[in-house]
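From the sequence below, what's the structure:
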Amino acid sequence: MTEKPLYRDPAVLGLIFLGGTLGTLLRYLVSMFAATSARSTLAASFSDVWATFAVNLLGAFLLGLITGLLTDRIAAGNKRAYRLKMCFGTGFCGAFTTYGTFIMQGITISLFASFFGPLALGAAAAYALGSLIAGFLLAWLGLSLGGKLARRISVPRYSTKRNFAERNSAEQLAGTSSNAAPDSAADTAPAAAPEVSQ
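Prediction:
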């Protein structure tokens, strides 16, 4: 599917902006909830870390789910699916998750090594690796679940570029065979020999 460049498609830009606004607002609410629900000073100090961990994992799952649900429809040329992907995938999930904050928090935790020794370095490594591994697994789970849901919903049989190519090849082959077949017995009769002048 050929789409306009984003800078020439204000409708899609507006959808990305809308999704990004909603994602940013929800991430802020998650951070506020984590801070207000902390039951101790230590927990409050790491509330942002837990909030970032939660939004990144949830965002990875949602992006996988959205991709699994809409990929075949986008490949089939469904513009509505493309716009939904831009709004909720690029806009919402892009703003809801945060890579920069995740990196800075990992570095900040490791800086506590001067006070807590190897424990701080271990916590930073566990946070970084745990986020990456869990995020990968949840994204894969969302992608798999989205694909299964898409197949249960009314998805056209020839919904991918590969299937489109297979269908077109089959139709062309059938058309070639039909055109090659003789229309009547006259078509199969040998041509008369040319007369030779004496």
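
okay but Gly146 is in contact with Thr67, surely?
Yes: between Gly146 and Thr67 there is a contact at 6.4 Å, judged by CB atoms under 8 Å. (C-beta placed from N, C-alpha, C; glycine too.)

And these two? Which one has more around it.
Gly146 (21 against 18; other CB atoms under 10 Å).

which SS state does the residue nearest to the spatial centre of the chain fall under?
For the chain, Thr67 is the residue whose C-alpha lies nearest the centre (CA atoms, centre = their mean; 3.0 Å). Classification of Thr67 using DSSP: H, G, I helix; E, B strand; the rest coil returns helix.

Can you pull out the low-pLDDT segments for the chain?
Residue ranges of the chain with pLDDT under 70: 1-4, 6-7, 41-45, 113-114, 154-198.

The same query, at a cut-off of 90, please.
Where the chain drops to pLDDT under 90, the residues are 1-9, 34-50, 76-77, 103-125, 152-198.

Tell me where it has helices.
10-36, 41-45, 47-75, 79-84, 94-96, 99-111, 113-116, 118-152, 161-180, 185-188 (DSSP state H).

the inter-axis angle of the first one versus helix 99-111?
Here helix 10-36 runs at 30 degrees with respect to helix 99-111, directions being taken by axes from the mean of the first three to the mean of the last three CA atoms, to 10 degrees.
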